[in-house]
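1. using only what follows, build the 3D model:
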Amino acid sequence: MVSPTYSPLRRKPRRHGALALSPLPVMAALFVVLGLLCGGISQAPVLIVFVLTACYSLFTLRGLPLETRLDCFARGAGSPSLLLMVWIFILAGAFAATAKATGAADAAVCLTLAVLPPKMLLAGIFTASCIVSFSVGTSIGTIVAIVPVAAGLAAPSGIPVATLTAAAVGGAFFGDNLSFISDTTIVATRTQGCLLSDKFRANVRIVLPAAIFTLAIYLFMGRGPAVLTDIPDIEATMFVKVIPYLLVVMLAMAGMNVLAVLLLANVATGLIGLLTGAFDGATWMSEATQGIGDMGELIIVSMLAGGILETVRLSGGITYLIHRLTRRVRTTRGAELTIAALVSLTNLCTANNTVAILSVGRISNDIAERYGVDKRRSASILDTFSCAVQGLIPYGAQLLMAAGLAGLNPVEIIPTLYYPMLTAAVALTAIVLRLPRKYSR
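-> Below you'll find the predicted structure:
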């Protein structure tokens, strides 16, 4: 039990702190070097990058026998939260494959094109993703529902699949950051001791301009001449085939657990496929198996990332980071920038925005109290920067999931992932210029 007089500000860094953090820059360097050797950073072999980084991360656990280092790595790779994510990947892979086999993806694409003008596709995907994510409060659930449709629009519209996927992923983080039922919102407000409604009012003034700027960019990108090809005629069965996608959104909005949502969606997709004659029972199982197999590399990368990040934590990387960042705080603006840096860098080390907020929430609260930072603002900063960083790391669950569903390398999505970039830029500007004034003392 932690003493009530304990303060994270007095925590001492462990030895080898800089070495503990080194797997992250090593991973970035491997992406660049191997990418260039293979013809471009987006062509970097993701699995090889993570295997090499994993081997290097074992070296950072100094003074321990190899068996103990491997045990530490295995604990991270097999953590309960990571295994839960593996279940999501498995069910999402099966759902994506069987939905495609039933014609659900083609039907959703056709109906989307019938509703949205071609020039509005990018902006429409982004807006739809924002609405769904705000309603369901989870970026993963939104990505599962929207990315397959977005990726399917690439061929008929001529828009790169990576750009359409980025629009969907960016919108997914809008709700992850802002929704009242998002886990990051709940954790941020609890650690800072403020109301959800107060945090929303402070937060929306930062992220809404970023969303508007992003929407304007996607509208501008779609202003060229429209090129639509291979668009089938609308048929009555299409409305039946899109039911699984609608089911995912409605059940998630109702607050059902994402695993239960995906399980029911798989059952619904299979039944619709059987009833419409899209496949028989054997083909259903075969397609589901193929979909799960397609997620194999994604699952391996996720587990390797979990092990790498656990070595960073165990060897004192996060403790060292907190100590280094908090030792020179002097002003309210400096305190806010420190909170932003803390949660951002911790997110890089954990690849989980909720865990990052939990890790630094208490010390951020201490900093806010000591330097007069409005708690509504500190909660907003924690949530905003954690979601912005989470949206831009290629080893985060969201980008890995989106890449798996769209058949891409996660790095390919990042260049047009404008919303997280603009969110970070607007949030930094707000801190530097002390905006909005209501929340800046």
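
2. low-confidence ranges, this structure, go.
-> Scanning the chain for pLDDT under 70 picks out 1-16, 224-234, 253, 441.

3. give me the domain ranges for it.
-> Listed domain ranges for the chain are 15-78+297-439, 81-181+195-296 (source: automatic domain parsing).

4. switch the ones you listed over to JSON lines; also include distance to residue 188 and mean neighbour count.
-> The way it works is simple: take the backbone N, C-alpha and C, and place the C-beta from them, glycine included. Listed next are these as JSON lines, based on distance: least, CB to CB, whole Å; neighbours: other CB atoms under 10 Å:
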{"stretch": "domain 15-78+297-439", "distance to residue 188": "4", "mean neighbour count": "20"}
{"stretch": "domain 81-181+195-296", "distance to residue 188": "7", "mean neighbour count": "20"}
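
5. quick one: these as TSV, columns for distance to residue 189 too.
-> Putting the domains of the chain into TSV (distance: least, CB to CB, whole Å) gives the following:
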stretch	distance to residue 189
domain 15-78+297-439	5
domain 81-181+195-296	5
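
6. so which of these is nearest residue 187?
-> For those, proximity to residue 187 was assessed by CB to CB; domain 15-78+297-439 is nearest, at 4.8 Å.

7. roughly how far out does the closest one sit from the chain middle?
-> Mean-position distance between domain 15-78+297-439 and its chain equals 12 Å (CA atoms, centre = their mean, to the nearest Å).

8. likewise for stretch 295-305?
-> Per CA atoms, centre = their mean, the centroid offset for stretch 295-305 relative to its chain is 15 Å.

9. contacts for that stretch, please.
-> Outside stretch 295-305, the residues that touch it by CB atoms under 8 Å, 6 or more residues apart in numbering are 46-47, 50-51, 53-54, 77-78, 82, 85-86, 89-90, 92-93, 351, 395, 397, 400-401, 403-404.

10. wait, residue 274 touches residue 285, no?
-> No - taking CB atoms under 8 Å as the definition, residue 274 is not a contact partner of residue 285, at 11.6 Å.

11. coming back round to it: which ones among the contacts of stretch 295-305 map onto helices?
-> Counting by DSSP state H, the part of those found in helices is 46-47, 50-51, 53-54, 77, 82, 85-86, 89-90, 92-93, 397, 400-401, 403-404.

12. quick check: longest helix of this protein.
-> Ranked by residue count under DSSP H, the longest helix found in the chain is helix 196-221.

13. give me the distance from it to the chain's centre.
-> Relative to its chain's centre, helix 196-221 lies at 17 Å (CA atoms, centre = their mean).

14. ok, stretch 260-280 next?
-> Offset of stretch 260-280 from its chain centre (CA atoms, centre = their mean): 27 Å.

15. give me the element the closest residue to residue 174 other than its chain neighbours is part of.
-> Leaving aside its sequence neighbours, residue 174 sits nearest to residue 130 (CB to CB, 6 or more residues apart in numbering; 4.3 Å). Using DSSP states H and E, residue 130 sits within helix 121-136.

16. give me the helices and strands touching that helix, please.
-> Judged by 3 or more CB pairs under 8 Å, 6 or more residues apart in numbering; DSSP states H and E, helix 121-136 is in contact with helix 104-115, helix 139-152, helix 161-178, helix 196-221, helix 243-253.

17. export those helices to CSV and tack on distance to residue 376?
-> Listed next are those as CSV, based on distance: least, CB to CB, whole Å:
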stretch, distance to residue 376
helix 104-115, 38
helix 139-152, 23
helix 161-178, 14
helix 196-221, 4
helix 243-253, 26
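
18. out of those, flag the one nearest residue 236.
-> By CB to CB (comparing all of the helices and strands packed on helix 121-136), the closest turns out to be helix 104-115, at 10.6 Å.

19. which ones are touching residue 120?
-> Neighbouring residues of residue 120 by CB under 8 Å, 6+ apart: 219, 222.

20. in terms of helices and strands, where is the residue lying closest to residue 195 once chain neighbours are set aside?
-> In this structure, residue 195 finds its nearest non-sequential neighbour in residue 189, 6.7 Å apart by CB to CB, 6+ apart. Residue 189 is part of helix 183-192, with elements assigned from DSSP H and E.

21. go on, residue 35?
-> According to DSSP H and E, residue 35 maps onto helix 23-37.

22. the residue nearest to residue 195: what's it in contact with?
-> Neighbour list for residue 189: 195-196, 199, 379 [criterion: CB under 8 Å, 6+ apart].

23. with residue 283 instead?
-> residue 101.

24. ok, it to residue 240 distance?
-> For residue 283, the distance to residue 240 (CB to CB, to the nearest Å) stands at 18 Å.

25. next, residue 325: secondary structure please.
-> Of the three states, residue 325 takes helix under DSSP: H, G, I helix; E, B strand; the rest coil.

26. pretty sure it contacts residue 341?
-> Yes - applying CB under 8 Å as the test, residue 325 and residue 341 come out as touching, 5.4 Å apart.

27. joint contacts of the two?
-> Overlap of the contact sets of residue 325 and residue 341 (by CB under 8 Å, 6+ apart) is empty.

28. how about the helices of the stretch 201-350 of the chain, start to end?
-> Secondary structure of the stretch 201-350 of the chain (DSSP state H, counting those that start in this stretch): helices at 236-241, 243-253, 258-275, 281-294, 296-314, 317-326, 332-350.

29. so residue 149 sits against residue 107, correct?
-> No - using CB under 8 Å as the test, residue 149 is too far from residue 107 to be in contact (9.7 Å).

30. follow-up on the earlier one: so the longest helix of the chain versus helix 161-178, what angle?
-> Counting by axes from the mean of the first three to the mean of the last three CA atoms, to 10 degrees, helix 196-221 lies at 160 degrees to helix 161-178.

31. spit out the contact partners of residue 292.
-> Residue 292 makes contact with 90, 93-94, 97 under the criterion CB under 8 Å, 6+ apart.
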